[in-house]
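> This is the structure alone, sequence omitted:
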């Protein structure tokens, strides 16, 4: 079952004043500046030489369809949910929801849902087979396993800046802090091998 999912965020999340997620097509500078003026968009010159719109990336606080997802799982369905982190909404006084222009980090939202569902393992797929320290440097070191304390230390040391593996590791910490099982980070092509312990990086509560 593919389920369109809404993810609630706080309307006062600081992210709304500091857009960071680039979305949509690229524009030339003239058009980008016009859209910024006409629509109030935040625009950025990306690495490819074009300009793109920036939107906020607030923290997820609740998966609106969580009970429906749980019911479907209990009924034996495989549920595909939280595409792109979910559709961002904020609560209204009358109990309804209002959509907001934002992009929710898919890993953070997935970790929240997995924890609420009581999942034994959270698998986060990415473009590489294993997490690496000193990525793409001569002293690069691949990680087979890393615990919570090591993960926090590496994040604090700046090993995983914005736009790299940092969000996945933060999601892993959130999942583990909720008292659930392990986290596996690997590529989609090696997921089966990683689940069987033959590759991937496993993030654990303690060694």
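Structure received. Worth saying up front: this structure is predicted, and the values here are computed from it rather than measured.

> In this structure, where is pLDDT below threshold?
Along the chain, segments meeting pLDDT under 70 span 180, 207.

> Go ahead and flag the most central residue of it.
The centroid of the chain falls nearest to residue 107 when counting by Cα atoms, centre = their mean (2.6 Å).

> Identify the spatial nearest neighbour of that residue, chain neighbours not counted.
residue 171 (3.8 Å; Cβ to Cβ, 6 or more residues apart in numbering). (C-beta placed from N, C-alpha, C; glycine too.)

> Okay, and that neighbour sits in which element?
Applying DSSP states H and E as the criterion places residue 171 in helix 166-177.

> which residue ranges form the strands in this protein?
6-9, 21-27, 42-45, 51-55, 60-63, 87-91, 97-99, 121-125, 132-133, 141-142, 145-147, 182-186, 201-204 (DSSP state E).

> isn't residue 162 right next to residue 22, touching?
No - applying Cβ atoms under 8 Å, one finds residue 162 not in contact with residue 22, separated by 11.5 Å.

> And the two? Which one has more around it.
Taking neighbours as other Cβ atoms under 10 Å, residue 162 and residue 22 compare with residue 22 leading, 18 against 8.

> ok, that one - contacts?
For residue 22, the contacting residues are 44, 46, 52, 53, 54, by Cβ atoms under 8 Å, 6 or more residues apart in numbering.

> Could you identify the buried members of the residues you listed?
Buried members of the contacts of residue 22, scored by 16 or more other Cβ atoms under 10 Å, are 52, 53, 54.

> Show me what counts as buried in stretch 31-38.
Of the residues in stretch 31-38, residue 32 count as buried by neighbour count, 16+ other Cβ under 10 Å.

> that older thread, for the helix holding residue 171, which positions count as buried?
Within helix 166-177, the residues scored as buried using 16+ other Cβ under 10 Å are 166, 167, 168, 169, 170, 171, 172, 173, 174, 175, 176.

> how far off strand 121-125 does that helix point, in degrees?
In terms of direction (axes from the mean of the first three to the mean of the last three Cα atoms, to 10 degrees), helix 166-177 departs from strand 121-125 by 180 degrees.

> Can you spell out which helices and strands pack onto helix 166-177?
For helix 166-177, the contact count by 3 or more Cβ pairs under 8 Å, 6 or more residues apart in numbering; DSSP states H and E identifies helix 106-117, strand 121-125, helix 148-156, strand 182-186, strand 201-204 as packing neighbours.
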